[in-house]
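Visitor: Sequence first, predicted coordinates after that:
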Amino acid sequence: MQRRINIWSNIDWLAVTIYLVLVFLGWVNIYAAVYNEEHQSIFDFSQRYGKQLVWISAALVIAFFVFIIDINFYSYFAYLVYGIMIFLLIAVLIFGREVHGAKSWFELGSFRIQPAEFAKIATALALARYLSTFNVQLNTMKAYVRVAAIILLPALLIFLQNDTGSALVYFTFILVLYREGLSASVLLLGLFIVLLFVLALVLEKLLIILLSIGIVFIIFWFLNRKLKNAAIGFGILVFSTAILYGINVYFNLGLTYYYIILASLGFSAFVYIILSIRYKVRNVILLLIFLLSSIVFTFSVDYVFNNFLGEHQQKRINVVLGLESDPFGVEYNVNQSKIAIGSGGFLGKGFLRGTQTKFDFVPEQSTDFIFCTIGEEWGFLGTFFVVGLFIFFLYRLIGIAERQRSAFSRIYGYGVVSVLFFHIVINIGMTIGLVPVIGIPLPFFSYGGSSLWAFTIMLFILLRLDASRLELLR
Amino acid sequence: MDSFANRRHVIRFIIILIGLVFIIRLFLLQVVDNTYKVTASSNVLRYVTQFPARGLIYDREGTLLVYNEAAYDIMVVPQQLKSFDTTEFCQILDISKEYVDENLKRAKEYSYYNSSIFLKQVSSKTYATLQEKLYKYPGFFVQARTLRKYTTENAAHLLGYVGEVNEKIIKNDEYYKLGDYVGISGIEQSYEEHLRGQKGVNVYLVDVHNRIKGTYANGRLDKKAKIGSNIISTVDIELQAYGEKLMQNKIGSIVALEPSTGEILALVSSPTYNPELLVGRIRTKNFATLTNDTLMPLFNRALMAQYPPGSPFKAINMLIGLQERVVFPNTKYECHGAYYSGSFRMGCHSHKPNVNLVEAIQMSCNNYLGHVFRNILDNKKYSSTRESFDRWREYVTSFGFGQNLNSDFNNELKGIVPTKQTYDRVYGENGWRSLTLISMSIGQGELGTTPLQMANMTAAIANRGYYYTPHIVKEIEGDYELDERFYEKHYTMIDSSYFEAVINGMDLAVNEDYSTGSTAWRGKIPGITVCGKTGTAENPHGEDHSIFVAFAPKEDPKIAIAVYIENGGFGGTWATPMAKLMIEKYLNDSIAVPWWEEYVLNAEINYNAKKDQHME
C-alpha cells in the first residue's frame, strides 16, 4: 500500500535549515574558542576549526546518502544494525583505545571514531522496530523485559568502557516509552527516586522519614477520599510516638529519635493492617510497602553513593548540591564556566573578544564546554537565541514525529527527540551549574566528528522517514 | 490505535519548562549578577608592578653616599611546579633541601595560583647562574628588586635604613603593598615620598597558566614608574666620618650646624653601626644583635638622649639677665668658692674672686650665675616668682628648648623645661621661691636637653639672636622645594646687642691663657677665634658627662657645635679638644697639632666598662 512520491519536495526544509544554522554557529564558536593570531585562516587543517570544517562537509555528504537509501531499509535492518553496534561496542572494549580514561575509541591511523555515539541511533531504531511490532504493547512483563534489554544492553557496555556520561544518555528513552504507553506512575516513580536520592544526600535522614510519612498520609487521603481515616491513622502514629517518647524519658533508656519514630511506625503499621482488614480499607498495604521501600532506599543511598560511584562522580554531585566546595578541583571547571558565561553580560564581549575562553580558563572549551564561548562572546542575547532555537527545534521534531503515519517512524522520531533533549539539558545545564558535570557533547555544536556525524545520521533518518510519510497510505 | 497521543503535550511541556528554567538561569547569571564580570577580569588581567629605583643620597659636597644595587627575588607559582632536580637547585641557590620543602609548603598555603617569594635577594652572580638553568625549574621566576648600598660605613643614624613595610603601614597608606620597601628611620624615612618615586604598573592579559599573552587595551591602563628623586644632604661626610672616629671607645654625641642656614654638618651618635648591616637578608639577624647590644648602638643619642645642659646654659641665663636688665656687663659679684644664701651653699671652683659678666662666662662662675638667676626670678617688675618664672621660661623656650625643633628627623625628643605647674605639684603653689630653682642657674636640675638642641642654642648665640631650624637635607633633585620652615628665621627673645658680652666671655674661655682661669683652653685653634663654653652635667648614675659647645670663627661663624661625652667628667678635658678638632677639620681641613688627635683617639671613656657591666 505504497505510492511513489518525490522525496526531495517533501523534505522538512525548516528542520534542515535549523540544522544548518546550528552546525554553522557551532563552527563559528569553535573558531572563536581555539582562535589565535597565528592561525587565522579558516582552512588551516592543523586547527580544530579547520578539521571541524572537514567533519561538517563529510556530514553533509553522509546526510545525502542517508537520504537516498530506501526508507524500508531502516525498519527492516533495524535489528541487524543494532546487532552490529552491540558487536562493535564489545569489540571496542577489547581492541579500543583509551582516551581520557574511557576505552571507547577505535583508531584507524590518525582517524578515531567512537561507536558509542552511533549506538544511540541503532538503539532508537531497534526500540522503534520492537514497539511498532504488531501486538506489542507496554503492558506485559515480557514487553517490559525486552524493552529494558534493548535499552540497557548498550548502556551497560558503554558503562563498562568507563564512559558513564554516554551510558546515562540511554535513560532518556524512558520519554519514548512514556509516549508509547508506559504508565505515568513509572515516570513519577522515577522522578520520586531521583528526588529521594538527592534529598537523602542533602537532608537529615530523620527529616526524610517524616516527610515520606507525611506524603504517604496525603496520598492515602487522596486515594480514599476519607479525611476521617487519615486522621485516625495519623492519631495512632502520634499517640504511639508520644507513649514511646514518654517511656524513653521516664526509664531513661537513651533511645534516639530514629528508634522512637521507627518503633512507633512499626507498631502503627501493625495496627493499620488489622484495622484495614477489619474495616476493608483499600490501599493501606500498598502504601505501607511504598513507605517501607522509601525508608530502605533512603538509608541505602549513602551506601550506593559511597560504593557504586567513583570518587570524581561523588564530587561532581556534591558540588552541584553545594555539599562540597573544591574551587580548584571539580568546582574549578564549573566556576570558570560560570565566570565565562556570566561575564558575557547582556550583549556579550563580541566575536573573538572572549578573554576567558580564549586564554584557556575554561576547560574543554571546544567540546563539552562550547556553550561558554557562546555565553561570553554573544552574551544573554546569544544564549537566549541558542537555547530558544534548540527548544524550537525539539518542538518541531515532536511535530514531525507526531505526523508520521507509521508507528515505527513516530517512535523513532521520539527517540531522536529524547536523545537530543538529554544532551542539550545535561550539556547546557552543567555549564551553568544546574547539573553535575557529565562529559557529553552539545549536539551540532561541540567539536568532534563522531558526535556530529551520529547526530546528523540520526536526524536525517527521521527527515528521510518524514519525507516519505505520505507514501504510506492508511 | 494511538491512544496515548495526548502525551505529546506533556513531553512538550517538559521541554519548554526546562528551556524556560535555563533561560531564567542564564538571565540571572549574565544580566542580573555582576560578580562574574569582576571575577573574569581578575582572571585574565595581571597587574605587574614596576618598582622604580629609589633616589640616591649625596653629601653636601656631592659625594655619593647611598645608591642601589640590583637584587633578585626568586618567586614561585606552586601550580606550575614540576618535579625538578632539588640537589642542583639547592646548590645554585646555596640553600638546604629543608628550606625548599618548607618554603614550597608556605607558598602553597599562601596561594596555589599566585606567585609568592621563595627566596629573597639573591646576588646578581647567583641570578646569572640560575637564569641559564631556569628552564629546568618551571614554576620559578625571578623578580628584580633593588637594595640599598652604601659608599660609607658612617652616618648610619642620619641616613636611616629601609625595610619591608609592616601591616600597620599597609593599613594606613594604600600606596604600600605586602613586600614593598619603606624608609624606616633617618633621611630614608623623612624623605620617603621623594626617595621612593612612584610605582608603575603594567596590565597584561594572561592565560590560565599565568603566561603573559600581551598588553591589555594597548597599554592604556599602564602607568609608568617614576624613579625616586635624588637627595643632597647637608652632611659633610668627611666631617661626619671624622667625628665618628673621634668618638671611638666613647659614648655620646656630636652635632655640628652651619649657623647661617641651620644645616646639619655632622650628627654623630656613638656607638654607631655600619649601615650595610641593615640591608637585605642579613638585616633581621643584625637588627636583633644591635637591639640587644647594651651600648644601644641603634639609639640616636643626638636626637633622643636628654642630658642636663650644664654650664653652657649659663650663657642663656646671662642673656636673659641682660635683656631683663637685672645684670649689666660691668656688674661684679664677689665669689668665695661658692654661692651662699643664708645657710644655702652652691659650690664653685677656684678662680679669681672678683669677676664681671664676661669673666663669669670665661671662668664659668657658679656664684655669679646664682645671683643673676635670682635677680631674674625675684625681679620686682613682676608680681610674683611664678610670673617672673613664666617670663624666664618664655626666654628659654625661644632658644628651642623644651620643644621639638621640628627638624626633618621624625624621632627628635622635646627635652624638658619645667613649668610652674611642675613646681606647684612638688612644693605647692606658694611653696617655692627663686632659691628652690637655683640649680637651673648653672644648667643642672630639672632641665633636659638633647645634643641637637644644644647645638641649635650655640648657633643662635653665634647668630646673635636667631636660628634656623636644623635640617639634614639641603636639596631634593627635581622641582621640589625644601619645606618653608627651613628658610624661616626664628628669633630668640634676646636683642642682638646683648650677645656681644656673652660671646666675648666664650672667646676668653677658649683663648685666654690657662692661668687666668679659662675653662676651655684646650679648644684653642691657631688663627681661628673659637668661642666656646664648657660644661659638666651632673649624672646621678655615675661620673659626670663632659660637655662643650662652641662656634667659630667669632665673626661670621661657619660652624656651631655641641659635644657630649657620657661619663667624660669635666667638659674641658674631653669634649673641648674634640670640638676643637671637629672645627679645625671643617674650617682648615687639616689638624695643626696632630698630638690632640692622638690624645682623643687613644681615650677610652667608660666604654668597655659599660659594655662589660651589662654583659654579665
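Guide: That came through fine. This is a predicted model, so every value here is computed, not measured. Numbers count the residues shown, from 1 in each chain, chains lettered A, B, ... in the order given.
Visitor: For the rest of this, base every contact and every neighbour count on C-alpha atoms.
Guide: Noted.
Visitor: Averaged pLDDT, the strand or helix carrying A:L60. What do you get?
Guide: Assigned by DSSP states H and E, A:L60 falls within helix A:48-68. Averaged over helix A:48-68, pLDDT sits at 91.
Visitor: Kindly report the same for stretch A:370-384.
Guide: Here the average pLDDT along stretch A:370-384 is 92.
Visitor: So it, near chain B or not?
Guide: Yes: among the residues of stretch A:370-384, A:G379, A:F380, A:T383, A:F384 lie within reach of chain B under C-alpha under 8 Å from any C-alpha of the partner chain.
Visitor: Using PDB, write out every CA atom in that stretch.
Guide: Listed next in PDB are the C-alpha coordinates belonging to stretch A:370-384 (Å, rounded to 0.1, in the frame of the first residue of the first chain):
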ATOM      1  CA  ILE A 370      31.400  25.100  23.900                       C
ATOM      2  CA  PHE A 371      28.400  26.800  25.300                       C
ATOM      3  CA  CYS A 372      30.800  29.100  27.400                       C
ATOM      4  CA  THR A 373      32.100  30.700  24.200                       C
ATOM      5  CA  ILE A 374      28.500  31.500  23.100                       C
ATOM      6  CA  GLY A 375      27.800  32.900  26.600                       C
ATOM      7  CA  GLU A 376      30.900  35.000  26.800                       C
ATOM      8  CA  GLU A 377      31.100  36.400  23.300                       C
ATOM      9  CA  TRP A 378      27.400  36.700  22.400                       C
ATOM     10  CA  GLY A 379      26.000  37.400  25.900                       C
ATOM     11  CA  PHE A 380      22.500  36.700  27.000                       C
ATOM     12  CA  LEU A 381      21.200  37.500  23.500                       C
ATOM     13  CA  GLY A 382      23.300  34.700  22.100                       C
ATOM     14  CA  THR A 383      22.500  32.100  24.800                       C
ATOM     15  CA  PHE A 384      18.800  33.000  24.600                       C
END
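Visitor: buried set for it?
Guide: A:370-384 (16 or more other C-alpha atoms under 10 Å in any protein chain shown).
Visitor: for stretch B:47-65, same thing?
Guide: For stretch B:47-65, by 16+ other C-alpha under 10 Å, it's B:47, B:50-60, B:64-65.
Visitor: Those in strands, which ones?
Guide: B:Y47, B:Q50, B:I57, B:Y58, B:L64, B:L65 (DSSP state E).
Visitor: part of a strand, is B:A560?
Guide: Yes: the assignment for B:A560 by DSSP: H, G, I helix; E, B strand; the rest coil puts it in a strand.
Visitor: burial of it, as a residue count?
Guide: 34 (other C-alpha atoms under 10 Å in any protein chain shown).
Visitor: Low-confidence regions, chain A specifically.
Guide: For chain A, the stretches with pLDDT under 70 are A:1-5, A:36-42, A:319-331, A:357-361, A:473-474.
Visitor: cool, chain B as well?
Guide: B:1-2, B:39-46, B:113, B:206-213, B:216-219, B:612-616.
Visitor: what's the helix holding A:L60 in contact with?
Guide: Outside helix A:48-68, the residues that touch it by C-alpha atoms under 8 Å, 6 or more residues apart in numbering or on different chains are A:23, A:27, A:30-31, A:34, A:42-45, A:447-449, A:452-453, A:456-457, A:460-461, A:464.
Visitor: Kindly report the same for stretch B:375-393.
Guide: Contacts of stretch B:375-393 (C-alpha under 8 Å, 6+ apart): B:I320, B:G321, B:E324, B:V326, B:V327, B:V417, B:T419, B:K420, B:R433, B:S434.
Visitor: hmm, 7 Å instead?
Guide: If you take C-alpha atoms under 7 Å, 6 or more residues apart in numbering or on different chains as the criterion, stretch B:375-393 is touched by B:G321, B:V326, B:K420, B:R433, B:S434.
Visitor: how long is it end to end?
Guide: 15 Å (C-alpha to C-alpha, to the nearest Å).
Visitor: list the contacts for the nearest residue in space to A:W378 that is not next to it in sequence?
Guide: Residue nearest to A:W378 in three dimensions, not counting chain neighbours: A:G348, with 4.2 Å by C-alpha to C-alpha, 6 or more residues apart in numbering or on different chains. A:G348 is in contact with A:E376, A:E377, A:W378, A:G379, A:F380, counting by C-alpha under 7 Å, 6+ apart.
Visitor: In this structure the last one contacts A:G345, no?
Guide: Yes: applying C-alpha atoms under 7 Å, one finds A:F380 in contact with A:G345, separated by 6.2 Å.
Visitor: Please enumerate the shared neighbours of those two.
Guide: Shared contacts of A:F380 and A:G345, defined by C-alpha under 7 Å, 6+ apart, are found at B:Q30.
Visitor: ok, for A:T172, nearest residue in space, not its chain neighbours?
Guide: Nearest to A:T172 is A:S418, by C-alpha to C-alpha, 6+ apart, at 5.6 Å.
Visitor: same for the helix or strand where the one you found lies, what does it pack against?
Guide: Element membership of A:S418 [criterion: DSSP H and E] is helix A:407-431. On a contact count with 3 or more C-alpha pairs under 7 Å, 6 or more residues apart in numbering or on different chains; DSSP states H and E, helix A:407-431 meets helix A:115-132, helix A:174-179, helix A:330-343, helix A:370-402, helix A:449-467.
Visitor: ok, 10 Å please
Guide: helix A:71-76, helix A:115-132, helix A:164-168, helix A:174-179, helix A:330-343, helix A:370-402, helix A:449-467, helix B:7-27 (3 or more C-alpha pairs under 10 Å, 6 or more residues apart in numbering or on different chains; DSSP states H and E).
Visitor: wait, what's in contact with B:R220?
Guide: B:N202, B:V203 (C-alpha atoms under 10 Å, 6 or more residues apart in numbering or on different chains).
Visitor: closest point of the stretch 251-400 of chain B to chain A, which residue?
Guide: In the stretch 251-400 of chain B, no residue comes nearer to chain A than B:R281, which is 34.1 Å away by C-alpha to the nearest C-alpha.
Visitor: again, but for the stretch 351-500 of chain B
Guide: Counting by C-alpha to the nearest C-alpha, the stretch 351-500 of chain B gets nearest chain A through B:G478, at 42.0 Å.
Visitor: for that residue, helix, strand, or coil?
Guide: coil.
Visitor: quick one, phi/psi of it?
Guide: Main-chain torsions, B:G478, degrees, to the nearest 10: phi 100, psi -160.
Visitor: Would you mind giving the domain segments of the chain?
Guide: No chain was given, so I picked chain A. If you go by automatic domain parsing, the domain ranges for chain A are A:68-182+A:314-438, A:197-308.
Visitor: Chain B is the one I meant
Guide: Split by automatic domain parsing, chain B gives B:44-63+B:151-229, B:237-289+B:303-615.
Visitor: okay, those, which one's buried deepest?
Guide: Neighbour counts (mean count of other C-alpha atoms under 10 Å in any protein chain shown) averaged over each of the domains of chain B peak at domain B:237-289+B:303-615, with a mean of 21.
Visitor: quick revisit: show me the residues around the residue of the stretch 351-500 of chain B closest to chain A that make contact.
Guide: Counting by C-alpha under 10 Å, 6+ apart, B:G478 has contacts B:H194, B:G228, B:S229, B:N230, B:I231.
Visitor: Would you check that the first one makes contact with B:N230?
Guide: Think B:H194. Yes: B:H194 lies in contact with B:N230 (C-alpha atoms under 10 Å); the separation is 7.9 Å.
Visitor: any common contacting residues for these two?
Guide: With C-alpha under 10 Å, 6+ apart, B:H194 and B:N230 have common neighbours B:R54, B:G55, B:I476, B:E477, B:G478.
Visitor: Closest to B:K171 out of the residues you listed?
Guide: B:R54 (22.2 Å; C-alpha to C-alpha).
Visitor: measure stretch A:136-147 end to end?
Guide: Per C-alpha to C-alpha, the first residue of stretch A:136-147 is 10 Å away from its last.
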